[in-house]
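here you go, sequence then predicted model.
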Amino acid sequence: MRLALALLIGWFALPAAAVTCENITYLGKSYTACDVDPAVDDLRLFLKDEDRILGSFRAIEGLAGVTALPFAMNAGMYHADRAPVGHYVENGVQVMRVIPNAGPGNFGLLPNGVFCITDTTAQVIETLRYVAESPACRDATQSGPMLVIDGALHPRFLPDGTSRFLRNGVGTSVDGDRAVFVISNEAVSFHEFASFFRDHLQLPNALYFDGKVSRLHAPALGRSDFGAQMGPIVGVVE
């Protein structure tokens, strides 16, 4: 009886996802930020289920073994067939190599970076440093441009920039014990978006995910954005 009771108490004591999402107004602009502890939350990247590209939050919720999806977001740029534009690793398997050189569009606006997930950490790493150090990422997705690089905003971002979109991205702490995923709730410039990570969240490194396809799944806020099918997705599962 005592053993059964101890097992029951232990079952109820299993850690639940600690991810928290909140709406924040900063310098007159509205954002939603989801704070993840990689050592506690089961943070993963998702692209395919066998040969089928998942493409939606609902498809991830339907995967075997997934009982809840407390957070998810699109996680990197992709081609028309939804294949990743840059480096992509899922559960230790490389799907796409690293693209180290400059190129067209936001992705190729160097420096860009890689979001690297291990079993206990999550870090945004500038691409050339990533290549040089070859970190052991269980999951990784490359995107660009970097928003914040070692505490400095991307050198191409202008305070009076006129390009404005709904944007999303991720910022991480120095030691990788905190990852904050952010989506703007209104059109913002790169400078405004990057400043939110550096000056409000005080994160030294941050990476842009997208500005044409920016979506968030945060059921605690009663939110699950919909639209055209996505490529890579990052999420916390239970």
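Perfect, thanks for sending it.

hmm, who's touching stretch 189-205?
For stretch 189-205, contacts defined as Cβ atoms under 8 Å, 6 or more residues apart in numbering pick out 24, 26-27, 29, 31, 33, 113, 123-126, 145-151, 153-154, 156-159, 161-164, 167, 169, 171-174, 178, 180, 182, 184, 206, 208. For the C-beta atoms, the positions are set from N, CA and C on the backbone; glycine is no exception.

mind checking the end-to-end distance for it?
Chord length of stretch 189-205, first to last residue, is 18 Å (Cα to Cα, to the nearest Å).

now do stretch 100-116
Distance between the two ends of stretch 100-116: 16 Å, counting by Cα to Cα.

narrow the contacts of stretch 189-205 to those that are buried.
29, 31, 33, 113, 123-126, 145-149, 153-154, 157, 167, 169, 171-173, 178, 180, 182, 184, 206, 208 (16 or more other Cβ atoms under 10 Å).

quick check, Ser143 in contact with Met77.
Yes: contact between Ser143 and Met77 holds when scored by Cβ atoms under 8 Å: they sit 5.9 Å apart.

more crowded one of these two?
Relative neighbour count places Ser143 above the other of Ser143 and Met77, with 30 against 24, counting by other Cβ atoms under 10 Å.

and the gap between the more buried one and Arg223?
Ser143 sits 22 Å away from Arg223, taking Cβ to Cβ, to the nearest Å as the criterion.

what do you get for Glu22?
Between Glu22 and Arg223 the computed distance is 12 Å (Cβ to Cβ).

which residues do these two both contact?
The overlap between the contact sets of Glu22 and Arg223 (Cβ under 8 Å, 6+ apart) consists of Thr32.

these two: which has the busier surroundings?
Looking at Glu22 and Arg223 with other Cβ under 10 Å, you find the greater number of neighbours at Arg223, namely 15 against 12.

who touches Asp51 in this structure?
Residues in contact with Asp51, defined by Cβ under 8 Å, 6+ apart, are absent; none qualify.

actually Val188, not the one I wrote
So, once contact is read as Cβ under 8 Å, 6+ apart, Val188 ends up touching 29, 164-167.

try 10 Å
26-27, 29-31, 161, 163-167, 194-196, 211 (Cβ atoms under 10 Å, 6 or more residues apart in numbering).

may I ask which helix or strand of the protein has the lowest mean pLDDT?
When the helices and strands of the chain are scored by mean pLDDT, DSSP states H and E, helix 2-12 comes last with a mean of 38.

who are the packing partners of the helix or strand following that one?
Next in sequence after helix 2-12, counting helices and strands by DSSP states H and E, comes strand 20-26. Other elements packing on strand 20-26 under the criterion 3 or more Cβ pairs under 10 Å, 6 or more residues apart in numbering; DSSP states H and E are strand 29-36, strand 179-184, strand 216-218.
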